[in-house]
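S.K.: A predicted structure for the sequence below; I have some questions about it.
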Amino acid sequence: MRAVDIITKKREGGELSRKELEYLLAGYVQGEIPDYQISAWAMAVFFRGMSPQETAALTEVMLRSGRVMDLSGIPGPLVDKHSTGGVGDKTSLVLAPLAAALGITDPMMAGRALGHTGGTLDKLESIPGYRTDLDEKTFRRLLLADGFAIAGQTAALVPADRLLYALRDVTATVESIPLITASILSKKAAEGARALVMDVKFGSGAFMKGKSPAEALARALVDTGRVLGLRVSALITDMDEPLGNMVGNFLEVEESLDCLEGRGPEDLMELILELGARMAVLGGLASDAATGKDLCRDCLAGGEPRRRFLANVKSQGGDPVQLLELRGKYRSAIQAEVRAGRRGFVRRIDAGELGLAAAGLGVGRNRTEDRVSPTAGLQLLRKRGAAVEKGEPIMRVWAGDRAGLEAALPRLEAAVEYAESPPPQLSTLIWKDVS
Ligand code: URA
């Protein structure tokens, strides 16, 4: 076999066999096939696509490039949730303890902030002492103790994805549905999940801006999952405006606690209940989404998910008492307000722009090696539809440093659009259910 023949076959629109994909990917991971040939292959996939069988074969080849978490002996349905990334999206912090309280085991391997999107690991690590670099033994132990654990992906899991993703990032081949599908599903299968609820987002704060690519990705995730024996259901959800009122690492931990206490913002609670309902269905605890939603609502009201969350904070190195004491106080001293530029109604807050501005405040990073601030971020005091007077505060802002604050303020102001009359309210964030 020769890499050049495999690249040519894909360039001409052929379907690659598992053996060909294995040859290419294993050779790449072992350093025998160079970056430039994998780049050419990725670009050929970008233009020619992949069949469902081919995408499933690629996912398996990537999965087998490293260790697969052995969760044998761990009780409960193993169900996880994954989102394609958003702004103010802290649903994972609520869903993992909620699922655990329902009797699901959630082996959650999460990611970090990059570009305009936030990262679950950065949010949790803003809790003093909280660690996400768990080894496999600890991960297993915490799953047994608390019903969930949240960790970063170890170097041993899916090395092919780490290499390929970095290469795609610099060769304009990230936005390929089969490559994204294989990337996400290989990581989720490697962490040991047997069922997965996907939150595929569209809008300015999402990775996919349009509804139609988001739908194509959701379909590919569900279909490829089926071929692999991984049960996947997907919700396609609106990410045009920030979720909830807080954007920032510790700020989002606080808002997650609000949700666990049943007093989270309406949009965020809606998404949590919809995703939680699908987790309950995949876990065999509810016959349909409506029943699952009731189950999640009752479970949150009973307080067990909050207890599980605090137990997990302790298990992963934080101090729950200190966490509760820091609530409302753990903020950077470098602060400001954004005021309404005119009288009228907030027509829209552009999530993508707001996410980029928040990253500049210190919430996120532009390069993987950048450090994030636990105490930077912003609180939205007004959202879509609110009536505002000129000069009225619409955001509170905290920055990691003064230069970041100065750069972010005009950007935050520009992210808010106004109108003379109230804009139509969104009735729901959920656009489609794909399963
Ligand atoms: N997220 C991933 O994990 N992989 C991709 O390829 C794109 C988004």
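M.R.: Looks like it came in fine.

S.K.: pLDDT at the nearest residue to residue 125 once chain neighbours are set aside, what is it?
M.R.: The shortest distance from residue 125 to any non-neighbouring residue, by Cβ to Cβ, 6 or more residues apart in numbering, is to residue 132 (6.0 Å). Using the backbone N, CA and C atoms, a C-beta is placed for each residue, glycine as well. Looking at residue 132, its pLDDT reads 96.

S.K.: ok, now which ones touch residue 132?
M.R.: 110, 121, 124, 125, 150, 151, 152, 316 (Cβ atoms under 8 Å, 6 or more residues apart in numbering).

S.K.: Spell out which parts of the chain neighbour the ligand.
M.R.: Residues of the chain lying close to the ligand (Cβ under 6 Å from any ligand atom) are 165, 179, 180, 183, 184.

S.K.: Could you rerun that using 8 Å?
M.R.: Proximity of the chain to the ligand, by Cβ under 8 Å from any ligand atom, involves residues 84-85, 111, 161, 165, 168, 174, 176, 179-180, 182-184, 187, 207.

S.K.: Just the closest residue of the stretch 151-300 of the chain to the ligand, please.
M.R.: Here the residue of the stretch 151-300 of the chain nearest the ligand is residue 183; by Cβ to the nearest ligand atom that distance is 3.4 Å.

S.K.: need the contact list for that residue.
M.R.: Residue 183 makes contact with 62, 161, 164, 165, according to Cβ under 8 Å, 6+ apart.

S.K.: Report the secondary structure element holding the residue nearest to residue 125.
M.R.: Using DSSP states H and E, residue 132 falls within no helix or strand.

S.K.: quick one: it and the ligand, what's the gap?
M.R.: Plainly put, residue 132 is 17 Å away from the ligand if you go by Cβ to the nearest ligand atom, to the nearest Å.

S.K.: now swap in residue 30 and tell me
M.R.: 22 Å.

S.K.: and that residue, how many neighbours?
M.R.: Counted by other Cβ atoms under 10 Å, the residues lying close to residue 30 total 10.

S.K.: same thing with residue 75?
M.R.: Per other Cβ under 10 Å, the neighbour tally for residue 75 reads 11.

S.K.: Over to the one 3 residues further on?
M.R.: Other residues near residue 78 come to 21 when the count uses other Cβ under 10 Å.

S.K.: got it, and the one 3 residues further on?
M.R.: Residue neighbour count, defined by other Cβ under 10 Å, stands at 26 for residue 81.

S.K.: Now do the SS call for it.
M.R.: Three-state assignment for residue 81 (DSSP: H, G, I helix; E, B strand; the rest coil): strand.

S.K.: Can you check the pLDDT for it?
M.R.: Residue 81 is assigned a pLDDT of 97 by the prediction.

S.K.: Was I right to think it contacts residue 89?
M.R.: No: using Cβ atoms under 8 Å, residue 81 is not in contact with residue 89, being 11.0 Å away.

S.K.: Can you pull the residues that touch both of these two?
M.R.: Listed as contacting both residue 81 and residue 89 by Cβ under 8 Å, 6+ apart are residue 199.

S.K.: Residue 337 looks like it's in a strand, true?
M.R.: Yes: counting by three-state DSSP, residue 337 is part of a strand.

S.K.: how does this structure divide up, domain by domain?
M.R.: 3-49, 79-152+169-324, 334-419 (automatic domain parsing).

S.K.: Which residue comes closest to residue 50 once chain neighbours are left out?
M.R.: In space, residue 50 is closest to residue 178, 3.7 Å off (Cβ to Cβ, 6+ apart).

S.K.: List the contacts of the helix or strand hosting residue 247.
M.R.: Taking DSSP H and E as the criterion, residue 247 maps to strand 246-248. The set of residues external to strand 246-248 that reach it, using Cβ under 8 Å, 6+ apart, is 87-88, 90, 118, 252, 254-255, 354-355, 358, 361, 363, 375-380, 398.

S.K.: gap between the one helix or strand residue 199 maps to and the chain center?
M.R.: Using DSSP H and E, residue 199 falls within strand 195-202. Its chain's C-alpha centre and that of strand 195-202 lie 9 Å apart, by Cα atoms, centre = their mean, to the nearest Å.

S.K.: Please pull up the helix or strand immediately following that strand.
M.R.: helix 211-228.

S.K.: How far away from the center of its chain is that next one?
M.R.: On the basis of Cα atoms, centre = their mean, helix 211-228 is displaced by 16 Å from the centre of the chain it belongs to.

S.K.: repeat for stretch 202-217
M.R.: Chain-centre distance of stretch 202-217: 14 Å, with Cα atoms, centre = their mean.

S.K.: So which bits of that stretch are buried?
M.R.: Neighbour-count burial for stretch 202-217 flags 202-209, 213-217 (criterion: 16 or more other Cβ atoms under 10 Å).

S.K.: Please apply the same query to stretch 313-328.
M.R.: Per 16+ other Cβ under 10 Å, stretch 313-328 contains these buried residues: 313, 314, 315, 316, 318, 319, 323, 326.

S.K.: isn't the fourth one right up against residue 141?
M.R.: No: using Cβ under 8 Å, residue 316 is not in contact with residue 141, being 11.3 Å away.

S.K.: What about the contacts of residue 132, which are in strands?
M.R.: The strands, defined by DSSP state E, take in 110, 150, 151, 152 from these.

S.K.: Please produce JSON lines containing the residues you listed, extended by neighbour count and pLDDT.
M.R.: Output for the ones in strands among the contacts of residue 132, formatted as JSON lines (neighbours: other Cβ atoms under 10 Å; pLDDT from 0 to 100):
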{"residue": "110", "neighbour count": "22", "pLDDT": "92"}
{"residue": "150", "neighbour count": "24", "pLDDT": "97"}
{"residue": "151", "neighbour count": "24", "pLDDT": "95"}
{"residue": "152", "neighbour count": "19", "pLDDT": "91"}
